[in-house]
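S.K.: fold the following and give me the result.
(2 chains)
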Amino acid sequence: AQSVAQPEDQVNVAEGNPLTVKCTYSVSGNPYLFWYVQYPNRGLQFLLKYITGDNLVKGSYGFEAEFNKSQTSFHLKKPSALVSDSALYFCAVEPSGTYKYIFGTGTRLKVLA
Amino acid sequence: SQTIHQWPATLVQPVGSPLSLECTVEGTSNPNLYWYRQAAGRGLQLLFYSVGIGQISSEVPQNLSASRPQDRQFILSSKKLLLSDSGFYLCAWAGQGKAEQYFGPGTRLTVT
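M.R.: So this is what the prediction gives:
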């Protein structure tokens, strides 16, 4: 079965430090990969996507993500975390051509002042 | 630019009552449309998706149904709500041939 894993329920990081939120997937073919952020009682906001090309993808609010095909991973990163980055982060994978996402279970990021 | 609206924002309904949640998209034509449910503030479950008027695919058999009466309107319905229907309902759209989905603000449904 196809799946997306976000192994950490919560990630804590000090403000100003780099952050990483992990995502691995088990999907056949060449899927499309996405990161979204959700603030309390709000919809999901699109951060970035990987379709093809450069393995390092830059997105909104200073976030970037690194695609690693051999490890089937798509980790979200930011060089310097802000308190306002504290939110719930979702990784999503779209098996190519399906137009449907498989979501990870989400990782709560807490940035401490 | 494109925008997506959902209403109502919150809803409290008794068990056994009907449900109608509405989602509309502006600024685009012939979008793919999606309904998701998010339970307990975490995982998202795809309920229905639509690639065109009158074309609805159901992902999970349940107490809900969806309709797309107009190109940019997507409605989630139930004839009789169950307690287990409580949750945060999110509508999303994607442009034709585009991969990324854009989400609405959501509807918090509490069934009592």
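S.K.: so what's B:Leu19 bridging to?
M.R.: Beta bridges link B:Leu19 to B:Ser78, judged by DSSP bridges.
S.K.: run through the residues that contact it.
M.R.: Residues near B:Leu19 by C-beta atoms under 8 Å, 6 or more residues apart in numbering or on different chains: B:Leu11, B:Gln13, B:Leu64, B:Leu76, B:Ser77, B:Ser78, B:Leu81, B:Asp85, B:Leu109. Where you see a C-beta, it was placed from the backbone N, CA and C, and this is true even at glycine.
S.K.: ok and the residue in chain B nearest chain A?
M.R.: Relative to chain A, the nearest point of chain B is B:Phe103 (3.8 Å; C-beta to the nearest C-beta).
S.K.: isn't that residue up against B:Leu90?
M.R.: Yes - under the criterion of C-beta atoms under 8 Å, B:Phe103 makes contact with B:Leu90 at 5.4 Å.
S.K.: so those two - more neighbours on which side?
M.R.: B:Leu90 (25 against 21; other C-beta atoms under 10 Å in any protein chain shown).
S.K.: name the nearest residue to the more buried one, ignoring sequence neighbours.
M.R.: B:Tyr36 (4.5 Å; C-beta to C-beta, 6 or more residues apart in numbering or on different chains).
S.K.: packing partners of the helix or strand harbouring that neighbour?
M.R.: Using DSSP states H and E, the element containing B:Tyr36 is strand B:32-38. In terms of contacts (3 or more C-beta pairs under 8 Å, 6 or more residues apart in numbering or on different chains; DSSP states H and E), strand B:32-38 is packed against strand B:19-26, strand B:44-52, strand B:73-78, strand B:87-94.
S.K.: which SS state does A:Tyr61 fall under?
M.R.: helix (DSSP: H, G, I helix; E, B strand; the rest coil).
S.K.: and if you look at A:Ser84?
M.R.: A:Ser84 ends up helix, using three-state DSSP.
S.K.: look up how far A:Leu47 lies from it.
M.R.: 14 Å (C-beta to C-beta, to the nearest Å).
S.K.: who has more neighbours out of those two?
M.R.: Neighbours per residue (other C-beta under 10 Å) separate A:Ser84 from A:Leu47, with A:Leu47 holding more: 20 against 10.
S.K.: roughly how far does the more buried one sit from B:Ala39?
M.R.: Here A:Leu47 is placed at a distance of 23 Å from B:Ala39 (C-beta to C-beta).
S.K.: again, but for A:Lys110
M.R.: Taking C-beta to C-beta, one finds A:Lys110 at 22 Å from B:Ala39.
S.K.: and chain A, which of its residues are near chain B?
M.R.: A:32, A:34, A:36, A:41-46, A:49, A:51, A:88, A:90, A:94, A:99-101, A:103, A:105-106 (C-beta under 8 Å from any C-beta of the partner chain).
S.K.: give me the buried subset of these.
M.R.: Neighbour counting by 16 or more other C-beta atoms under 10 Å in any protein chain shown classes A:32, A:34, A:36, A:42-44, A:46, A:49, A:88, A:90, A:94, A:99-101, A:103, A:106 among the residues of chain A next to chain B as buried.
S.K.: tell me which of these fall in strands.
M.R.: A:Tyr32, A:Phe34, A:Tyr36, A:Leu44, A:Phe46, A:Lys49, A:Leu88, A:Phe90, A:Glu94, A:Phe103 (DSSP state E).
S.K.: which pair of those spans the longest distance?
M.R.: Pairwise distances across those (C-beta to C-beta) peak at 21.1 Å, for the pair A:Tyr32 and A:Leu88.
S.K.: grab the most central residue of chain B for me.
M.R.: Central residue of chain B (C-alpha atoms, centre = their mean): B:Trp35, 3.3 Å from the mean position.
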